[in-house]
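S.K.: the amino acid sequence is not available; the structure is as follows:
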């Protein structure tokens, strides 16, 4: 579960994801070349600043690629319904297949997804039970990388000592101001957009509701007390070890929880 490669044929999603990869690639190349490496060579910063930047960049692109190709929780054509959970399954009126409650039919992907939160064009995939944890990691590391980029852009002009060994024959130094302004603009856009999305995702986990449930008000138990936040996060990330919540280089092992609400009576 969650290990199959899921590929969505959607030109709009390809364009959105390509734009995200372009922003990531631009900053991953420009920031070290214009700021990190020159200031390191002149002793203004330590090698730790460079390693931290590449560390954040690696985790950001890893979570993006994994979230885009991970199976979000697509239901098989003939699912085996446990006898003890049959009352918690229902018939989809779009694909005429049995599905567990809290599942939703994605019209763009053409199938039902377990505990679907929403279809995200920026990863060209649905966000469901099996890749929600990767989407959260993507939001988290995008914020970290965008914030780090903005801090470096600011420090380059207002805090770091001026560079003495700049080679003005190199393109990036001749157009340094324009390149860093573009970097700062993209960083502000990414940070502003992702911060709001990340907040709504966290609130959804705290209340144990998906974005679709909030919009449709189909969950009758929204106003009732929920499970402890540690449990809801553990169910999303597939582990009780909190340190593993931040690592995209692993396989999610879903916890043994039923599809219906945990406080269902």
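M.R.: Looks like it came in fine. It should be emphasised that the depicted structure is a prediction, and the values quoted were computed from it without experimental measurement.

S.K.: secondary structure class of residue 209, three-state.
M.R.: Per DSSP: H, G, I helix; E, B strand; the rest coil, the secondary structure class of residue 209 is coil.

S.K.: quick check: which ranges of the protein have low pLDDT?
M.R.: Where the chain drops to pLDDT under 70, the residues are 1-4, 165-171, 217-226, 256-265.

S.K.: hey, where'd the helices end up in it?
M.R.: Secondary structure of the chain (DSSP state H): helices at 11-31, 37-41, 47-69, 132-158, 171-174, 176-207, 211-216, 229-237.

S.K.: let's have those in TSV, adding mean neighbour count and distance to residue 88.
M.R.: C-beta here means a position set from N, CA and C on the backbone, and glycine is covered the same way. As requested, the helices of the chain are arranged in TSV below (neighbours: other C-beta atoms under 10 Å; distance: least, C-beta to C-beta, whole Å):
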stretch	mean neighbour count	distance to residue 88
helix 11-31	16	31
helix 37-41	16	56
helix 47-69	18	27
helix 132-158	21	20
helix 171-174	13	58
helix 176-207	16	20
helix 211-216	15	15
helix 229-237	18	16
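
S.K.: nearest to residue 101, of those helices?
M.R.: Of all the helices of the chain, the one in closest proximity to residue 101, counting by C-beta to C-beta, is helix 211-216 (10.6 Å).

S.K.: returning to that earlier point: need the helices of the chain in CSV (columns: distance to residue 114).
M.R.: Putting the helices of the chain into CSV (distance: least, C-beta to C-beta, whole Å) gives the following:
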stretch, distance to residue 114
helix 11-31, 20
helix 37-41, 46
helix 47-69, 16
helix 132-158, 10
helix 171-174, 47
helix 176-207, 15
helix 211-216, 12
helix 229-237, 12
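
S.K.: and of those, who's closest to residue 92?
M.R.: Residue 92 lies closest to helix 211-216 among the helices of the chain, at 13.6 Å (C-beta to C-beta).

S.K.: for the closest one, name the packing helices and strands.
M.R.: Secondary structure elements in contact with helix 211-216, counted by 3 or more C-beta pairs under 8 Å, 6 or more residues apart in numbering; DSSP states H and E, are helix 176-207.

S.K.: quick one: the helix it packs on to helix 229-237, angle?
M.R.: If you take axes from the mean of the first three to the mean of the last three C-alpha atoms, to 10 degrees, helix 176-207 sits at 110 degrees to helix 229-237.

S.K.: run through the residues that contact residue 242.
M.R.: By C-beta atoms under 8 Å, 6 or more residues apart in numbering, the contact set of residue 242 is empty.

S.K.: going forward, count from 30.
M.R.: Sounds good: first residue 30 from here, last item residue 271.

S.K.: backbone dihedrals for residue 237, both of them.
M.R.: According to degrees, to the nearest 10, the main-chain angles of residue 237 amount to phi 60, psi 40.

S.K.: surely it touches residue 258?
M.R.: No: in this structure, residue 237 is not within contact of residue 258 by C-beta atoms under 8 Å, at 9.2 Å.

S.K.: before we move on, the earlier item: nearest to residue 145, of the helices of the chain?
M.R.: Across the helices of the chain, the minimum distance to residue 145, taken as C-beta to C-beta, is reached by helix 240-245, at 6.2 Å.

S.K.: what's the spacing between the closest one and its chain's center?
M.R.: Between the centre of helix 240-245 and the centre of its host chain there is 19 Å, according to C-alpha atoms, centre = their mean, to the nearest Å.
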